[in-house]
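Peer 1: I'll drop the sequence and a predicted model, then ask my questions.
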Amino acid sequence: MRLVVGVDLGTQSLKAVVCDVRMHVLGDHQVAHGTVHPRPGWAEQDPRIWEAALAPAIGEALARAGAAPRDVVALAVAGQLDGCVAVDAFGDPLHAALIWQDKRATAHLPVDPARLFELAGQVADASHLAAKAAWLRATGVVAECWHQPTSYLVERLTGARVLDHAHASTTMLYDLTARAWSPELCAAFAIDPATLPRIADTTAIAGVLDARGAALTGLPIGIPIAVGTGDDFSTPLGAGVATPGYAICSIGTAEVVGGLSANAVFDRPAPPRETILETHAYPTGTFFVENPGWLSGGAIRWATRMLGLASDRELDHLAATAPPGADGVTFIPALAGAMTPMWRADARGTLHGLAASHDRQHIARAVLEGLAFAAREVVERLAELGLPTAEILVLGGGGKSAVWNQIRADALSRPHHVAARTDTSAIGAAMIAAVAAGLLPDLATACATSPAPAATIHPVTSLDEPYERYQRLVRQIAPLW
């Protein structure tokens with residue numbers, strides 16, 4: 001057998017899939033890990049827990065596939081974006097990883113936001129790597145290299161310090177037109193480009209599995225390791241998205257909403273509206289115009305816990321018993337800062353309109369609606385930029401909820417196609433590995449192996465009035481942020 005392994009380094013777990021050349025998933029397994037929140041707005045993970053998860057995730061996936069390590073011909077990693085891992089000369093971490101949820105670096109944005117957007121297509125925000133590196137450096141951390149989580153694992157497996165263009169375009173240090181590290185932005189953040197990974201194509205071979213990498217994965221020394229990419233990009237790849245078409249709602253711990261464009265388009269709304277979309281390189285050579293996401297699946301877990309429920313399914317059942325509009329209850333999903341209709345790191349979530357007559361079902365419904373309304377704001381902005389938004393492709397674990405999908409279709413007034421496979425980030429990584437190994441000629445061919453959507457949900461009820469109420473509420477409380 002000639003098999004490939006795709007690894008998805010997520011916020012809550014590391015998942016491995018074993019695929020054949022047709023991108024059939026023969027076996028998979030995931031190993032959970034946690035996040036530490038030392039203070040409000042801070043979010044950390046120990047990179048060692050990612051490493052420790054590799055061998056059990058890959059080993060069990062191989063066992064379920066009925067395969068052996070010697071059958072693997074290539075591996076690729078895709079992972080959570082916007083993390084920052086400082087390493088020493090040996091690639092060892094010097095500090096806990098500041099992951100995407102971490103917004104502590106709000107005072108470390110020494111860059112003109114307009115110039116940053118002109119060069120990088122990015123919003124000046126503390127979530128991105130450059131600000132986090134600046135914060136770590138201010139605390140005394142002297143790094144030999146500033147990694148994102150994926151590139152950190154690639155170095156641990158191969159010794160190579162490399163990441164792809166898509167990943168680089170999320171750091172606030174990349175020139176989108178020049179397709180290279182920007183000397184101007186690096187100077188603004190006082191980051192030496194020599195302390196950043198080199199940039200290569202997503203499907204290029206970063207290196208081969210060395211002795212340390214073999215020990216971490218349980219795979220033989222010498223297996224090619226692809227450069228890989230971030231999960232905002234591997235998730236639509238794994239669902240077969242190679243060219244513009246759908247608007248994409250990828251629902252994991254965070255919800256990423258965006259779409260592909262053949263050209264680099266930029267979100268420059270007239271004041272008082274603010275930019276909410278970033279433009280990134282995409283592994284197929286196009287551009288991904290996206291809002292990188294608010295706490296979405298994470299908000300579902302929060303609501304489930306706060307309402308004393310045993311599972312997300314119970315939350316669905318409760319929400320289904322409440323009327324559209326949740327009888328006036330409105331939820332603003334800013335539990336980890338606001339990402340729409342403006343970016344505010346210090347924003348906090350809101351439940352508004354509560355009365356003594358309301359019960360848990362109204363809150364459950366309001367949470368699902370509020371998350372859908374946030375997605376609608378982004379999709380409408382994508383439409384203004386001329387991107388295709390007539391149909392929505394739902395990816396990730398959030399697509400499993402029929403109740404939520406119906407609410408989303410109603411809220412956005414657009415049909416929602418639910419991908420046949422959830423957790424497609426690891427499958428996207430496997431596609432990258434297959435192309436890197438020469439099993440497939442390119443990512444477009446790999447994407448063509450993806451199955452058609454499993455279901456389509458059409459709008460049945462208008463939620464325009466609750467959406468307008470949501471928008472009014474956001475405008476009124478925004479000054480408090």
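Peer 2: In hand now; what should we look at? Numbering: from 1, shown residues only.

Peer 1: Might you calculate how far the helix or strand harbouring A430 sits from the centre of the chain?
Peer 2: Assessed by DSSP states H and E, A430 sits inside helix 424-436. When distances are taken as Cα atoms, centre = their mean, to the nearest Å, helix 424-436 is centred 16 Å away from the chain's centroid.

Peer 1: Then stretch 8-22?
Peer 2: Using Cα atoms, centre = their mean, the offset of stretch 8-22 from its chain centre is 14 Å.

Peer 1: then that stretch to PDB, C-alphas only?
Peer 2: The C-alpha coordinates for stretch 8-22 follow below in PDB (Å, rounded to 0.1, in the frame of the first residue of the first chain):
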ATOM      1  CA  ASP A   8      -4.700  18.400  11.900                       C
ATOM      2  CA  LEU A   9      -3.400  20.300  15.000                       C
ATOM      3  CA  GLY A  10      -6.600  21.800  16.300                       C
ATOM      4  CA  THR A  11      -7.500  23.900  19.300                       C
ATOM      5  CA  GLN A  12      -9.000  21.000  21.200                       C
ATOM      6  CA  SER A  13      -7.300  18.000  19.800                       C
ATOM      7  CA  LEU A  14      -4.700  16.600  17.300                       C
ATOM      8  CA  LYS A  15      -6.300  14.400  14.700                       C
ATOM      9  CA  ALA A  16      -4.600  12.100  12.200                       C
ATOM     10  CA  VAL A  17      -6.100  10.500   9.100                       C
ATOM     11  CA  VAL A  18      -4.700   7.700   6.900                       C
ATOM     12  CA  CYS A  19      -5.800   8.100   3.200                       C
ATOM     13  CA  ASP A  20      -5.200   6.200   0.000                       C
ATOM     14  CA  VAL A  21      -4.400   7.900  -3.300                       C
ATOM     15  CA  ARG A  22      -8.200   8.500  -3.900                       C
END
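
Peer 1: I'd guessed T456 sits against A419; true?
Peer 2: No - shown here, T456 and A419 do not form a contact pair, counting by Cβ atoms under 8 Å, at 11.2 Å. To be clear about C-beta, it is placed using only N, CA and C from the backbone, and glycine gets the same treatment.

Peer 1: More neighbours: those two, which one.
Peer 2: A419 (27 against 13; other Cβ atoms under 10 Å).

Peer 1: check contacts around the more buried one.
Peer 2: Listed by Cβ atoms under 8 Å, 6 or more residues apart in numbering, the contact partners of A419 are 239, 393-395, 399, 453-454.

Peer 1: Phi, psi for it please.
Peer 2: phi -60, psi 150 (degrees, to the nearest 10).

Peer 1: One more: P93?
Peer 2: Dihedral angles (degrees, to the nearest 10) for P93: phi -70, psi 140.

Peer 1: just to revisit the earlier point, can I get the helix holding A430 as PDB, trimmed to CA atoms?
Peer 2: Below are the C-alpha coordinates for helix 424-436, written out as PDB (Å, rounded to 0.1, in the frame of the first residue of the first chain):
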ATOM      1  CA  THR A 424     -11.800  18.100   6.700                       C
ATOM      2  CA  SER A 425      -8.700  19.900   7.800                       C
ATOM      3  CA  ALA A 426      -6.900  16.600   8.300                       C
ATOM      4  CA  ILE A 427      -8.100  15.400   4.900                       C
ATOM      5  CA  GLY A 428      -6.800  18.600   3.400                       C
ATOM      6  CA  ALA A 429      -3.400  17.900   5.000                       C
ATOM      7  CA  ALA A 430      -3.500  14.400   3.500                       C
ATOM      8  CA  MET A 431      -4.200  15.900   0.000                       C
ATOM      9  CA  ILE A 432      -1.100  18.100   0.500                       C
ATOM     10  CA  ALA A 433       0.900  15.000   1.500                       C
ATOM     11  CA  ALA A 434      -0.300  13.100  -1.600                       C
ATOM     12  CA  VAL A 435       0.700  15.900  -4.000                       C
ATOM     13  CA  ALA A 436       4.100  16.300  -2.200                       C
END
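
Peer 1: other SSEs contacting that helix?
Peer 2: Helices and strands touching helix 424-436, by 3 or more Cβ pairs under 8 Å, 6 or more residues apart in numbering; DSSP states H and E, are strand 3-9, strand 13-19, strand 25-32, strand 72-79, strand 224-226, strand 229-230, helix 231-238, helix 443-447.

Peer 1: Other residues contacting the last one?
Peer 2: Outside helix 443-447, the residues within contact range by Cβ under 8 Å, 6+ apart are 23, 202-203, 237, 240-243, 283-284, 431-432, 434-435, 440.

Peer 1: now do 10 Å
Peer 2: 19, 21-23, 202-203, 236-243, 282-285, 427-428, 430-435, 439-440 (Cβ atoms under 10 Å, 6 or more residues apart in numbering).

Peer 1: what's the average pLDDT for it?
Peer 2: Averaged over helix 443-447, pLDDT sits at 98.

Peer 1: buried set for that helix?
Peer 2: Going by neighbour count (16 or more other Cβ atoms under 10 Å), the buried part of helix 443-447 is 443, 446-447.

Peer 1: how many other residues sit next to the closest residue to S182 other than its chain neighbours?
Peer 2: Using Cβ to Cβ, 6 or more residues apart in numbering and skipping residues adjacent in sequence, the residue nearest S182 is D175, 4.0 Å away. Per other Cβ under 10 Å, the neighbour tally for D175 reads 19.

Peer 1: quick check: domain ranges of the protein?
Peer 2: Listed by automatic domain parsing, the domain ranges of the chain are 3-236+424-447, 240-420+453-480.

Peer 1: most tightly surrounded among the ones you listed?
Peer 2: domain 3-236+424-447 (a mean of 22; mean count of other Cβ atoms under 10 Å).

Peer 1: so how far is the first residue of that one from its last?
Peer 2: One end of domain 3-236+424-447 sits 17 Å from the other (Cα to Cα, to the nearest Å).

Peer 1: how far is it from where the chain is centred?
Peer 2: 12 Å.

Peer 1: For the closest residue in space to P193 that isn't next to it in sequence, list each beta-bridge partner.
Peer 2: With Cβ to Cβ, 6+ apart as the criterion, P193 has its nearest non-adjacent residue at 4.6 Å, and that residue is W181. In this entry, W181 is beta-bridged to Y174, by DSSP bridges.

Peer 1: Kindly give the local confidence score, pLDDT, for W181.
Peer 2: So, for W181, pLDDT stands at 98.

Peer 1: thinking it is in contact with I199, fair?
Peer 2: Yes - counting by Cβ atoms under 10 Å, W181 does reach I199; the two are 7.0 Å apart.

Peer 1: Return stretch 293-304 as CSV; C-alpha atoms alone will do.
Peer 2: Only the C-alpha atoms of stretch 293-304 are listed here, as CSV (Å, rounded to 0.1, in the frame of the first residue of the first chain):
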residue,chain,number,x,y,z
GLY,A,293,-13.4,33.8,13.1
TRP,A,294,-15.1,34.3,16.5
LEU,A,295,-15.7,31.7,19.2
SER,A,296,-18.5,29.6,17.6
GLY,A,297,-18.3,25.9,18.5
GLY,A,298,-16.6,27.2,21.6
ALA,A,299,-19.7,29.3,22.3
ILE,A,300,-21.9,26.2,21.9
ARG,A,301,-19.9,24.4,24.5
TRP,A,302,-20.0,27.5,26.8
ALA,A,303,-23.8,27.6,26.4
THR,A,304,-24.2,23.9,27.0
